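Chemist: from the sequence below, what's the structure:
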Amino acid sequence: MFCPKCHKELISGEDKEFETLSEHVCDPNQESFPLRATWICVNKNCPVSKENVFWDDNGEYYSWGGLIKFDNDLYSAYPSFARKMDIEIYKKGLQKQTYIHPVFMLWILKPMIEYNYKSNEHGDVLKKTWKLKWLKKDCWYKKDSFGHHKYYTFPFVNIYHFLKNKKREIENIKENGETKWRLNQLKSSFEPIKSWDKRWWRHFELSAAKIIYRKWYLKSKEY
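Modeler: Residues are numbered from 1 along each chain as shown. Coordinates of the predicted model:
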């Protein structure tokens, strides 16, 4: 792997006990950790070599108080899984979204183009895709605690996905057998919508599913 600051090859350092990100998420109260391999930069002209920092086998960066600045905040070593995730998940140094003026939706919704990327372990962008999303008026400038917008989904999209999932569920039964457990699961998905749910498309999609998959709806009622 190579240093993201000076781009010189890293060398193997001493094994250390440290907490990985996955361990911190899964068990934040864990107190002891196994010895793990580390990678360090020994280029004397690189500011990284003067700080108490290292990388693990996945290319993840570990620092204790260092104030080193990296281009586009890409501090993962490369080639590595961490560098790939920096591009695909965190989109570091890349355009994340484009906002379109709400006048095109009569000021009711604000269109937003969200960009997604496929990368290799060197951080090279191999593919760029986009998806059109919609923000409700009260969420144009609001984000949740993770920095994400709350999107509006058109009712016909919800209906489409509901029927698609129902089809997948029935195909799974056909492929793996009509067991009592699977048919009970199917039956529960045909249960009436709760009285407090006033969304018209929820009632419509359930009625549509009962008509389209009537044979399976009647069969599930036997259990």
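
Chemist: scan this structure for its longest helix.
Modeler: helix 155-176 (DSSP state H).

Chemist: packing partners of that one?
Modeler: In this structure, helix 155-176 makes packing contacts with helix 180-189, helix 200-212, judged by 3 or more Cβ pairs under 8 Å, 6 or more residues apart in numbering; DSSP states H and E. C-beta here means a position set from N, CA and C on the backbone, and glycine is covered the same way.

Chemist: just the CA atoms of it, as PDB, please.
Modeler: The C-alpha trace of helix 155-176 is given here as PDB (Å, rounded to 0.1, in the frame of the first residue of the first chain):
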ATOM      1  CA  PRO A 155     -47.500   6.900  -4.400                       C
ATOM      2  CA  PHE A 156     -47.200   5.000  -7.800                       C
ATOM      3  CA  VAL A 157     -43.600   4.200  -6.900                       C
ATOM      4  CA  ASN A 158     -44.700   2.700  -3.500                       C
ATOM      5  CA  ILE A 159     -47.400   0.700  -5.300                       C
ATOM      6  CA  TYR A 160     -44.900  -0.600  -7.900                       C
ATOM      7  CA  HIS A 161     -42.400  -1.800  -5.200                       C
ATOM      8  CA  PHE A 162     -45.200  -3.400  -3.100                       C
ATOM      9  CA  LEU A 163     -46.400  -5.400  -6.100                       C
ATOM     10  CA  LYS A 164     -42.900  -6.300  -7.100                       C
ATOM     11  CA  ASN A 165     -42.100  -7.600  -3.600                       C
ATOM     12  CA  LYS A 166     -45.300  -9.600  -3.600                       C
ATOM     13  CA  LYS A 167     -44.300 -11.200  -6.900                       C
ATOM     14  CA  ARG A 168     -40.900 -12.000  -5.500                       C
ATOM     15  CA  GLU A 169     -42.500 -13.500  -2.300                       C
ATOM     16  CA  ILE A 170     -44.800 -15.800  -4.400                       C
ATOM     17  CA  GLU A 171     -42.000 -16.900  -6.700                       C
ATOM     18  CA  ASN A 172     -40.000 -17.900  -3.700                       C
ATOM     19  CA  ILE A 173     -42.800 -20.100  -2.500                       C
ATOM     20  CA  LYS A 174     -43.100 -21.700  -6.000                       C
ATOM     21  CA  GLU A 175     -39.400 -22.300  -6.000                       C
ATOM     22  CA  ASN A 176     -38.900 -23.600  -2.500                       C
END
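
Chemist: that helix to helix 200-212, inter-axis angle?
Modeler: Relative orientation of helix 155-176 versus helix 200-212 (axes from the mean of the first three to the mean of the last three Cα atoms, to 10 degrees): 40 degrees.
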